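# My questions are about this predicted structure, shown below with the sequence.
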2 protein chains.
Amino acid sequence: MYFKIKKIKIKTGGPLVVYLTKYDCAKLNIPPKSRMGIRFNKKELIAMVDIIDSDFLKNGQVGVLDEVREKLNLKHNDIVRLFHINEPITLNYIKKKLQGERLNKDQFTKIINDIKDNILTEVEITYFVSACYCNPLNLDETIALTKSMVETGKIIKFGSKNVIDKHCIGGVAGNRTTMIVVPILAVAGYVVPKTSSRSITSPAGTADTFEVFTNVDLDISKMKKVVKKTGACITWGGALDLAPADDIIINVEHPLSLDPRGQLIASVLSKKRSVSSNKVLIDIPYGMGSKISSKKDALSLKSDFEKVGHSIGLNVHAVLTDGKNPIGCGLGPVLEAIDVYDVLKNQHDHLKDLIDKSIKLAGNMLELGGLYKKGQGEIVARDILYSNKAFDKFNEIIVAQGGKKINGTNNLKNKLSKCIYEVKSNKSGIVKQIDNKIISKIAKMAGAPSHKGCGVYLLKKQNDKVKKNEILFRVYSYTNIKLNQINNFLKLADPYSFK
Amino acid sequence: MYFKIKKIKIKTGGPLVVYLTKYDCAKLNIPPKSRMGIRFNKKELIAMVDIIDSDFLKNGQVGVLDEVREKLNLKHNDIVRLFHINEPITLNYIKKKLQGERLNKDQFTKIINDIKDNILTEVEITYFVSACYCNPLNLDETIALTKSMVETGKIIKFGSKNVIDKHCIGGVAGNRTTMIVVPILAVAGYVVPKTSSRSITSPAGTADTFEVFTNVDLDISKMKKVVKKTGACITWGGALDLAPADDIIINVEHPLSLDPRGQLIASVLSKKRSVSSNKVLIDIPYGMGSKISSKKDALSLKSDFEKVGHSIGLNVHAVLTDGKNPIGCGLGPVLEAIDVYDVLKNQHDHLKDLIDKSIKLAGNMLELGGLYKKGQGEIVARDILYSNKAFDKFNEIIVAQGGKKINGTNNLKNKLSKCIYEVKSNKSGIVKQIDNKIISKIAKMAGAPSHKGCGVYLLKKQNDKVKKNEILFRVYSYTNIKLNQINNFLKLADPYSFK
């Protein structure tokens, strides 16, 4: 079946799609959304065929979007051949997994390859994610999936044995330790090519917050330059295309905020592997109100992370941390950026939890990397932070990534939203807990992370004394309408509980 | 946020989508694939916002496809307002179900409504299907889902108390009883508004086969006319939009050929209800090689069908039939059409199984409907078939639906593919079983159902004596290449087993 190319100047950014007329599909018995091969000049690819119902396309023409056109080097009116292909075998594997069977390494590799090559559709990938969610991967499967992801991804080398990395599994509001830990480690002699995520369900991810200071959309060559110059970087992982299959999977997980454990481990560790880290610290916050409520589950996740890491040659050390309360005062990109600045500049009476946690993680990593002896880590980390060296390094990284040196928080404070609402306590007492999920929800309702200057600033934290009518927290919202909604929401859900 | 309409003359046939430029999305903090409200002239709808990366769209413009444009009555350069909306609550329900929790009627209704209204994306609907597959619906949930589907669908009335219907759960190759049973019932005084499916995973569905004779894409008003004139119809259900949510769900199930039991029951019964049938016969073939291997499972499905039917006011009677072997000789639309003709014209020495099963089902339905006494059904059915009245009614229906009266199989035989391959037995013996899945796979490899003249014709059936080198079956393929592939496949999988 030969067709004439009609260009459609659109990028989908995702699946490879070509369009035929309804008449051609019916005549040639091509069901819509079926996969077909396309051949031109000895190059072939597989694309989804869909019907375009428009006078824009004539019978005998195939409409191709930019992705397909670029891959096959097609010009307007070129003649291509379409041919039937067999269904991918990976659909059988996905169905097996949905039915509760186990998959082996070869099967995972084929699935991950088909995802990366855009052979599986979003719907089919969703079945894969569901299968792994409903029938959780065991350790062997997790190792197999992780290895498959490493094999299909890129590996960036930094020419150092002392590459070290960290990751937090999330679930705690605020908690912006990365931007404090990374400069400390770089000052201490490590190479820290940190890739971070943007928020999926939280009021801000590290990438969203660091973007308040500088550019985080580095490509690989720019990332290498920044790391060569400063010893570290903090960049958005999604811009690097390190684990293309994983990025596609994460997109599909987004609508229901799923992250099945096996996929979580594979996703994190394969990305660490791809930036050549061989030592990785995993922060596992646990406790009521965080992602993992029991210590038992946290220990089991720690064990899985460490075992899977070992299987791909990574020295992974997971630490359990207290996840019951938010860490720091700000929730939302600009408010968190202010916290980070305050810690690095040692202006931080109110940020003891963020400092202590950052020092703990940095200390652990200093020792894990092997350059410092057991027991020395926290001392060195605290020295580097208090000596202002971490702050200087932080500025170095900002500038290397294309931002302006910061000196003071005035610029940051100007970026805060001007719709402010102060939530007061209706009783006196001592704060027992601030619910991560409820307080995050409020920050998100206010507009974080898409509106960078929105969010929540906590004035009272765990163990603080509160008098009736004292302000508990401040909401920065992008409209007054949202403030009304938040006020209604607060009648149903109170983030603060008292002793 | 106000945008100027830019028309994009494309129909997706599915989700409501609008496009913005990358710049506008970034500026207004609209993540790609997020849901937003669109308001114009007091009308509102919810659509998915995606980025179009093209010089085709300017900043400040919103590109709308035909579906959105028609719903809001938009013209080029009209100004619309885009606004943020909350995430649909149904995402929480779907996640709950994925986690193994039970859903109630209200939750199912909201999900089905959101599917029908295109508020949920394909990915989100896939999670719903996966959830129902991995955590099967119990009876209460199945009833709730069925009621929800009935409520969101249409009801067509035919002004008769004697509306009767049948459905087969599938899994048996050939098995084209519907086109024989429907005319018998119509002759006997019933109203039979039969809606059938096209093939999803088999070499042909009833709609594919009846399409060989006449038009099956009837709309509701045409369907009513045909039924009024002839007492019956056989039409493709998908053209009627009877259960819009169900059609969307089935599309999503297609790639993995899933049909979770609860969904299957809800899908079938809600469609029967929507054509006002109050008596329904369900054919449940069971046995090794069919969809349901054990009698126990078949009985449990029968019980569920009958109970769920009762809950929505349907008198459902399910019969268990032998599903171990194909029924009839032809597999593929034209070959099955020839079988049907041969039975209706009583030229059928080789089609005893198809006749016996059709008479059994028709007899059951004649009694179920109440117009005939217990014990009379099969006798009446056989009389109607042998008297040629069923054949005449069949022709009446064909003509009423827009086709030409048939008289002989010459026209049909001319439609058969000319690439023929005869598969011979490599031993002597008596045929014990013909595997439904393997023989169907061969018919599909040959090109059925998309190539109507392709498929398999069985010359030897269960209990037939076979000598070495006698022909077992004939393959009609659309290319010789496919015949080679089938030949290779036969080396791996043999459809015939001998006693």
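Done, it's in.
# The residue nearest to residue A:41 when sequence neighbours are not counted - how many residues pack around it?
Ranked by C-beta to C-beta, 6 or more residues apart in numbering or on different chains and with sequence neighbours excluded, the top spatial neighbour of residue A:41 is residue A:73, at 7.1 Å. C-beta coordinates here come from the backbone N, C-alpha and C atoms, glycine included. A count of nearby residues for residue A:73, using other C-beta atoms under 10 Å in any protein chain shown, gives 10.
# Kindly report the same for residue A:75.
10.
# next one: the one 3 residues further on
Residues near residue A:78, counting by other C-beta under 10 Å, number 17.
# Stretch A:105-117 near chain B anywhere?
No - on the criterion C-beta under 8 Å from any C-beta of the partner chain, stretch A:105-117 is out of touch with chain B, staying 12.4 Å away.
# so for that stretch, what's the average pLDDT?
Mean per-residue pLDDT for stretch A:105-117: 95.
# For it, buried residues please.
Residues of stretch A:105-117 classed as buried: A:107, A:108, A:109, A:110, A:111, A:112, A:113, A:114, A:115, A:116 (neighbour count, 16 or more other C-beta atoms under 10 Å in any protein chain shown).
# ok so, going back, give the contact list for the residue nearest to residue A:41.
A:40, A:41, A:43 (C-beta atoms under 8 Å, 6 or more residues apart in numbering or on different chains).
# And for residue A:430, the neighbour number?
Residues near residue A:430, counting by other C-beta under 10 Å, number 12.
# do residue A:188 as well
Neighbours of residue A:188 using other C-beta under 10 Å come to 25.
# ok, it touching residue A:379?
No - under the criterion of C-beta atoms under 8 Å, residue A:188 is not in contact with residue A:379, lying 11.4 Å apart.
# The strand or helix carrying residue A:46: which residues count as buried?
Of the helices and strands defined by DSSP states H and E, residue A:46 is found in strand A:43-51. Neighbour-count burial for strand A:43-51 flags A:45, A:47, A:48, A:49, A:50, A:51 (criterion: 16+ other C-beta under 10 Å).
# Check stretch A:310-322 too.
Under 16+ other C-beta under 10 Å, the buried positions of stretch A:310-322 are A:311, A:312, A:314, A:315, A:316, A:317, A:318, A:319, A:320, A:321.
# so who does the first one touch?
Contacts for residue A:311 were tallied using C-beta under 8 Å, 6+ apart; they are A:143, A:146, A:147.
# again, only using 7 Å
Residue A:311 makes contacts with residue A:143, as judged by C-beta atoms under 7 Å, 6 or more residues apart in numbering or on different chains.
# any idea how far it is from chain B?
27 Å (C-beta to the nearest C-beta, to the nearest Å).
# Same question for residue A:345.
Residue A:345 is 29 Å from chain B, where distance means C-beta to the nearest C-beta.
# Next one: that residue from residue A:34, what distance?
60 Å (C-beta to C-beta, to the nearest Å).
# So for the residue most central in space within chain A, what's the pLDDT?
The centroid of chain A falls nearest to residue A:197 when counting by C-alpha atoms, centre = their mean (2.9 Å). Looking at residue A:197, its pLDDT is 84.
# Setting the sequence-adjacent residues aside, check what's closest to residue A:24.
Closest residue to residue A:24 apart from its sequence neighbours, by C-beta to C-beta, 6+ apart: residue A:59 at 5.4 Å.
# how about the CA coordinates for the lowest-mean-pLDDT helix or strand in chain A, as CSV?
When the helices and strands of chain A are scored by mean pLDDT, DSSP states H and E, helix A:22-27 comes last with a mean of 80. C-alpha atoms of helix A:22-27 as CSV (Å, rounded to 0.1, in the frame of the first residue of the first chain):
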residue,chain,number,x,y,z
LYS,A,22,-11.7,7.2,6.7
TYR,A,23,-12.3,5.9,3.2
ASP,A,24,-8.7,4.6,2.8
CYS,A,25,-8.9,2.9,6.2
ALA,A,26,-12.1,1.2,5.3
LYS,A,27,-10.9,0.2,1.8
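# list the buried ones in it?
A:22, A:24, A:25.
# so how far is that helix off the chain centroid?
42 Å (C-alpha atoms, centre = their mean, to the nearest Å).
# Quick check, residue A:430 in contact with residue A:497.
No - counting by C-beta atoms under 7 Å, residue A:430 does not reach residue A:497; the two are 10.4 Å apart.
# that older thread, what about the residue nearest to residue A:24, is that helix, strand or coil?
Per DSSP: H, G, I helix; E, B strand; the rest coil, the local secondary structure of residue A:59 is coil.
# how much space between the residue lying farthest from the centre of chain A and chain B?
Residue farthest from the centre of chain A, counting by C-alpha atoms, centre = their mean, is residue A:27 at 45.4 Å. Distance from residue A:27 to chain B, counting by C-beta to the nearest C-beta: 11 Å.
# can you tell me how far that residue sits from residue B:472?
For residue A:27, the distance to residue B:472 - C-beta to C-beta - is 33 Å.
# Please apply the same query to residue A:250.
51 Å.
# Show the low-confidence segments of the stretch 51-200 of chain A, by residue range.
Applying pLDDT under 70 to the stretch 51-200 of chain A flags the ranges A:54.
# Point out the residues in it that sit beside chain B.
Contacts of the stretch 51-200 of chain A with chain B, taken as C-beta under 7 Å from any C-beta of the partner chain, map to A:52-56, A:91, A:94-95, A:98, A:121-124, A:126-127, A:130, A:133-135.
# Put the buried members of those residues into a PyMOL selection.
This is the PyMOL syntax for the buried subset of these, where burial follows 16+ other C-beta under 10 Å:
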select buried, chain A and resi 52+53+54+91+94+95+98+121+122+123+124+126+127+130+133+134+135
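# In helices, which of the residues of the stretch 51-200 of chain A next to chain B fall?
A:91, A:94, A:95, A:98, A:122, A:123, A:124, A:126, A:127, A:130, A:133, A:134 (DSSP state H).
# in a helix, that's where residue A:193 is, yeah?
No - according to three-state DSSP, residue A:193 belongs to no helix; its state is strand.
# That one reaches residue A:160, doesn't it?
No - with contacts counted by C-beta under 7 Å, residue A:193 stays clear of residue A:160, the gap being 9.7 Å.
# Now residue A:33. Its backbone dihedrals?
phi 70, psi 20 (degrees, to the nearest 10).
# Report the separation between residue A:200 and residue A:308.
Distance, residue A:200 to residue A:308, using C-beta to C-beta: 22 Å.
# what are the ranges of the helices in the stretch 51-200 of chain A?
A:66-72, A:90-98, A:105-116, A:122-134, A:139-152, A:178-187 (DSSP state H, counting those that start in this stretch).
# Can you get me the start-to-end distance on stretch A:231-241?
21 Å (C-alpha to C-alpha, to the nearest Å).
# Give me the contacts around it.
A:178-179, A:182-183, A:186, A:191-198, A:206-207, A:210, A:216-220, A:223, A:226-227, A:247, A:271, A:397, A:401.
# for that stretch, the distance to its chain's centre please.
Its chain's average C-alpha position is 11 Å from that of stretch A:231-241, according to C-alpha atoms, centre = their mean.
# And the residue of the stretch 301-450 of chain A closest to chain B?
Nearest to chain B, among the residues of the stretch 301-450 of chain A, is residue A:450, at 3.3 Å (C-beta to the nearest C-beta).
# What's the separation between that residue and residue A:235?
Noted for residue A:450: a distance of 20 Å to residue A:235, by C-beta to C-beta.
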